[in-house]
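A.B. asks: sequence and predicted model, in that order:
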Amino acid sequence: MVRKLVGFSLATAGGLLLVGSVFGADRVKEYGQTGQRIIQEKLDEAAGTGTKLEVLKTHVQQLDAEVAHLRRDVTTRQVELDAARARVTEDEASIERQKKVLAHAADLLDEGKDVYEIAGHRYARAVVEDDARAKLEACTAAESAVGDERKIVQVREKTLEVAKQLLERASKRRTELASLVHTLEARLSQLKAKKELAAALDTTAISPEVQGELARAEKLVKEIEQKIDTEDRLVDERLARKDVAAGTIDYDKKAEPSNEDTARAIRAHLAGPAKTVELH
């Protein structure tokens, strides 16, 4: 499998050199990305589930860049649309001003004069007619141009709408894929735990190393118990020699007389028998 992949990579590199000499750097980059993707797909086929999940996470990160690109595209098209609308609004205002001038010129021409005085200057009728005709042609041309601008605005509005739809779908898909990645990670962790449990259940015998450790621990426990028993027996013997109850109570043994009772008995003995007094 590895030899096939290496061979495929070399073939792809040779093909890129040939394409670069014919189509240029941009095509080389495009074909290079395509070849890298194909190689990655071959590697994915030979990889395990965990590796494929990591590849999926990489794709999600790449989708982040695509979403950012679409968002910038929407912003650019929005700016272009706003500029086109502003031009239409400005042209329409200019046309309205031209129409007012043409209406005023038509009113003057309707007067039928041979000479007109306008803004302190005298103009022959023919001059006024030529000027009015030129203004009419300019207004007509401006109206035609603003009509084309309106069509451009409509096209840009549709383009912006499509760009927004693409951005919305890409963002939604990116969110869904990110959620799916988290779900797959949780499932993969659960599967790993199950495999570990199954392996533990399949392993019924204790390894020799563990058995040796357990035997040493049990031996140490017995040694400690024997030492405790020996020391406890020695302490009981010492207490027995001092007539101290070794862990038991002798309820039949009488208490020794206290020092106070002994002193009283000595004084009574020294005093002699008590004298009796006869009463007559």
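C.D. replies: Great, that's in hand.
A.B. asks: tally of neighbours for Val74?
C.D. replies: Other residues near Val74 come to 19 when the count uses other Cβ atoms under 10 Å. C-beta: built from backbone N, CA, C; applies to glycine.
A.B. asks: phi, psi of it?
C.D. replies: Dihedral angles of Val74 (phi, psi; degrees, to the nearest 10) stand at phi -60, psi -40.
A.B. asks: what sits against the closest residue to it other than its chain neighbours?
C.D. replies: Ranked by Cβ to Cβ, 6 or more residues apart in numbering and with sequence neighbours excluded, the top spatial neighbour of Val74 is Ala163, at 4.7 Å. Residues near Ala163 by Cβ atoms under 8 Å, 6 or more residues apart in numbering: 70, 73-74, 77.
A.B. asks: all the strands of the stretch 101-250 of the chain, in order from the start?
C.D. replies: For the stretch 101-250 of the chain, the strands defined by DSSP state E, counting those that start in this stretch cover 115-118, 121-124.
A.B. asks: would you single out the least confident of these?
C.D. replies: Here the strands of the stretch 101-250 of the chain differ in mean pLDDT, and the lowest is strand 115-118 at a mean of 86.
A.B. asks: okay, now the sheet partners of that one, with direction.
C.D. replies: Strand 115-118 sits in its sheet next to strand 121-124 (antiparallel), going by DSSP bridges.
A.B. asks: export the partner strand as CSV, just CAs?
C.D. replies: In CSV, the C-alpha atoms belonging to strand 121-124 read as follows (Å, rounded to 0.1, in the frame of the first residue of the first chain):
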residue,chain,number,x,y,z
HIS,A,121,-28.5,88.5,-21.6
ARG,A,122,-30.3,88.7,-25.0
TYR,A,123,-30.6,85.5,-27.1
ALA,A,124,-32.2,85.0,-30.5
